[in-house]
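Chemist: everything below, folded, please.
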Amino acid sequence: MPDISTLKHGVVLVGVCFLSLLIPFFEFIHGLSYTYQLFPFVLSMVFLGLPHGAMDHLVPAELSSVSLPGSALRVGLLYAVLGGLYTAWWFIDAVTALLFFIVLTWIHWGQGDLHSIKELQRGQYAGGPWINFLYVVVRGGIPMLVPLIADPELYARFISSVLSLFSTAQVIISFSGSIRLFTLLVMGSLTVMSGMYHLAKATRQGSLRPWVYTQFETVLLWTYFLTLPPIFAVGVYFCVWHSLRHIARISLVKGGKMRDFLIRSDYRSYLSSVFSQATPLSIVSLACIVGIYFAFPSSLNTTESMIAVYLVCISILTLPHFAIVSWMDYKEKIWG
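Modeler: Numbering: from 1, shown residues only. The predicted structure follows:
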């Protein structure tokens, strides 16, 4: 019968091992056609990626005294209000909406890794407000900005595709070599600064082992996003790193039924529970994506434009999802 710590480490190792195993095959993956490189990103619509937020309706019920129907109602209203406002924002000013999405995803992916590392190293993590902030900036910035360093042309193509959805003329964005260099210098400096601050505090606390593992993950992510094609790398990361860790977080909340299933090694009941809880909202999310696709019938003439619509849909779902995860962080004192 596995304990909770073993389960948490196991989930984290899935992502670490998966990304580590892909890096040696970077030449083969670069040689794949663009369609195959897109496969993990497209798969995220139904596997781990999109469904990981479809369990948000469980959060208030598991972290407070709210009933499950009341929890679902509150989360549904939150998604309707924030998602609706953000949808309107996209149509009013797509440029600022896109910038907000980049920053939002940057923070959200960083906060996911902060929770993961604090849970794994509970009692040993040499954190603090400043170190936590730098950690979130670095770990969220790697999947958001290192692809720009690795392939600025592809990065610009996707930004152009997103903005072109909301423009009567095609939008063309490009990143100069100086922007690429500036991004590298900033992200590199922040990574070193975060590591040094964390090392100094870990040394004072006499616990270097957590620092070593934290830096290993950071170096792994840098290497992964620098060597693999950006769209492939982000798709895999979204599924097996970020989303899987979040599903595990919800599954292992104290007092939850899914936690009990895992502790008893009743994996059949656990998977059945995850499927039954995530499927309804996943279907609603997919229906919203289809609806938004129909809002741009004349614009969907390239693969990039179709992925751009998916990105807009993800952004609309990310805002309320981010609000719920931030509330979880508050309740679980992740930043404390």
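Chemist: stretch 325-336 - what's its average pLDDT?
Modeler: Mean pLDDT, computed over stretch 325-336, is 82.
Chemist: which residues does it contact?
Modeler: By C-beta atoms under 8 Å, 6 or more residues apart in numbering, the list of residues contacting stretch 325-336 from outside reads 59, 63-64, 108, 111-112, 114-115, 118, 129, 132, 246, 249. For every residue, glycine as well, the C-beta is placed using N, CA and C.
Chemist: how about a cut-off of 7 Å?
Modeler: 59, 63, 108, 111, 114-115, 118, 132 (C-beta atoms under 7 Å, 6 or more residues apart in numbering).
Chemist: how far does stretch 287-296 sit from the chain's center?
Modeler: 22 Å (C-alpha atoms, centre = their mean, to the nearest Å).
Chemist: hmm, back to that, give me the subset of the contacts of stretch 325-336 that lies in helices.
Modeler: Mapping the contacts of stretch 325-336 onto helices (DSSP state H) picks out 59, 63, 108, 111, 114-115, 118, 132.
Chemist: which of those are buried?
Modeler: Neighbour-count burial (16 or more other C-beta atoms under 10 Å) applied to these gives 59, 63, 108, 111, 114-115, 118, 132.
Chemist: and residue 297, what's its pLDDT?
Modeler: 59.
Chemist: separation between the closest residue in space to residue 223 that isn't next to it in sequence and residue 114?
Modeler: Nearest residue to residue 223 in three dimensions, chain neighbours excluded: residue 23, at 6.0 Å (C-beta to C-beta, 6 or more residues apart in numbering). The spacing between residue 23 and residue 114, counted by C-beta to C-beta, to the nearest Å, is 24 Å.
Chemist: name the element the closest residue to residue 208 other than its chain neighbours belongs to?
Modeler: With C-beta to C-beta, 6+ apart as the criterion, residue 208 has its nearest non-adjacent residue at 5.5 Å, and that residue is residue 202. Using DSSP states H and E, residue 202 sits within helix 177-205.
Chemist: list the buried residues for the next helix-or-strand element following that helix?
Modeler: Once the chain leaves helix 177-205, the next helix or strand it forms, by DSSP H and E, is helix 209-227. By neighbour count on 16+ other C-beta under 10 Å, the buried set for helix 209-227 is 210-211, 213-214, 217-218, 220-222, 224-227.
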